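**Q** Please work out how this folds:
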Amino acid sequence: MPRPPRPTTPRLAPIGEPTPEQAEVLAKAGARPGRRAINIFTTMVRNRRVANRAVILGGAFLGKGTIAGRDREIVILRVGHNASAEYEFGQHTVIGRREGLTDAEIADLASDELTGQWSNADRTLVAMADELCSVDCVSDATWTALAERYSDEQLVELLMLAGYYRMISGFLNSTGVQLDDGVPGWPGGTS
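**A** Next comes the predicted model:
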């Protein structure tokens with residue numbers, strides 16, 4: 001089934017002035033005095049309860065996860081590509097660079113077929129993300145390769161990580177959340 005076009009304007013506008021309860025959630029998401037929260041959270045906080053839980057779960061991956069940051073970002077970027085979620089891909093381009101991914105690697109993760117020099121371990125992470133996004137199950141071969149490298153705890157985290165960012169990508173795409181100032185979109189303007 002062809003992908004429908006993504007909204008080019010917000011279907012739900014980010015909130016401008018949060019209520020005290022919304023501000024509390026936005027603070028957990030990184031908003032500080034003089035620094036506005038990013039568009040995903042100022043949109044999501046329209047449902048404060050859900051936004052609060054999403055921030056907590058996202059923090060379990062980004063701030064307290066057991067997966068190496070580079071590995072985590074390979075999975076998130078690949079899921080963002082598979083979901084055609086430009087906002088997610090852009091935000092994690094910035095984070096991926098901090099975690100050691102090169103611009104060439106990030107651009108390669110935005111293509112349907114990898115062409116760069118990736119290790120077998122990296123290719124396995126991409127295969128996991130691709131399989132989960134296409135058939136909702138990791139193949140035996142990919143699972144075996146993952147299990148050779150990651151503990152049971154980390155396997156659970158990898159699967160939940162991919163699922164969380166797939167869910168977030170659907171939210172971003174459907175609500176039309178726009179890129180934040182200074183955040184790149186697709187590498188080279190591709191989609």
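
**Q** Output the below-cut-off pLDDT ranges for the chain.
**A** 1-2, 190-191 (pLDDT under 70).

**Q** so where do the helices sit in it?
**A** Taking DSSP state H as the test, the helices found in the chain are 20-28, 39-44, 48-62, 69-82, 86-98, 103-109, 120-135, 140-149, 152-175.

**Q** what about the second one, distance to the chain center?
**A** Which is helix 39-44. Distance of helix 39-44 from its chain centroid, counting by Cα atoms, centre = their mean, to the nearest Å, is 14 Å.

**Q** Contacts for it, please.
**A** For helix 39-44, contacts defined as Cβ atoms under 8 Å, 6 or more residues apart in numbering pick out 10, 12-15, 18, 25-26, 29-31, 36, 50-51, 54-55, 87, 91, 168, 171-172, 175, 177-180. Bear in mind the C-beta positions are built from the backbone N, C-alpha and C, glycine included.

**Q** Make a PyMOL selection of the buried ones in these.
**A** The PyMOL command for the buried members of the contacts of helix 39-44 (criterion: 16 or more other Cβ atoms under 10 Å) is given here:
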select buried, resi 12+14+15+18+25+26+29+31+51+54+55+87+91+168+171+172+175+177+178+180
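
**Q** Looking at the helices of the chain, which is nearest to R3?
**A** Among the helices of the chain, helix 152-175 comes nearest to R3, with 9.1 Å by Cβ to Cβ.

**Q** how big is the angle separating that closest one from helix 120-135?
**A** Here helix 152-175 runs at an angle of 50 degrees relative to helix 120-135 (axes from the mean of the first three to the mean of the last three Cα atoms, to 10 degrees).

**Q** Can you spell out which helices and strands pack onto helix 152-175?
**A** Here helix 152-175 touches helix 39-44, helix 48-62, helix 69-82, helix 86-98, helix 120-135, helix 140-149, going by 3 or more Cβ pairs under 8 Å, 6 or more residues apart in numbering; DSSP states H and E.

**Q** and of those helices, who's closest to P184?
**A** When the helices and strands packed on helix 152-175 are compared by Cβ to Cβ, helix 86-98 sits nearest P184, at 5.1 Å.

**Q** what angle separates the closest one from helix 152-175?
**A** 140 degrees.

**Q** Give me the residues contacting helix 86-98.
**A** By Cβ under 8 Å, 6+ apart, helix 86-98 touches 6, 38-40, 62, 69-70, 73-74, 76-77, 79-81, 103, 105-106, 110, 165, 168-169, 172, 177-180, 183-187, 191.

**Q** May I have the distance across stretch 80-88, first residue to last?
**A** Counting by Cα to Cα, to the nearest Å, you get 6 Å between the two ends of stretch 80-88.
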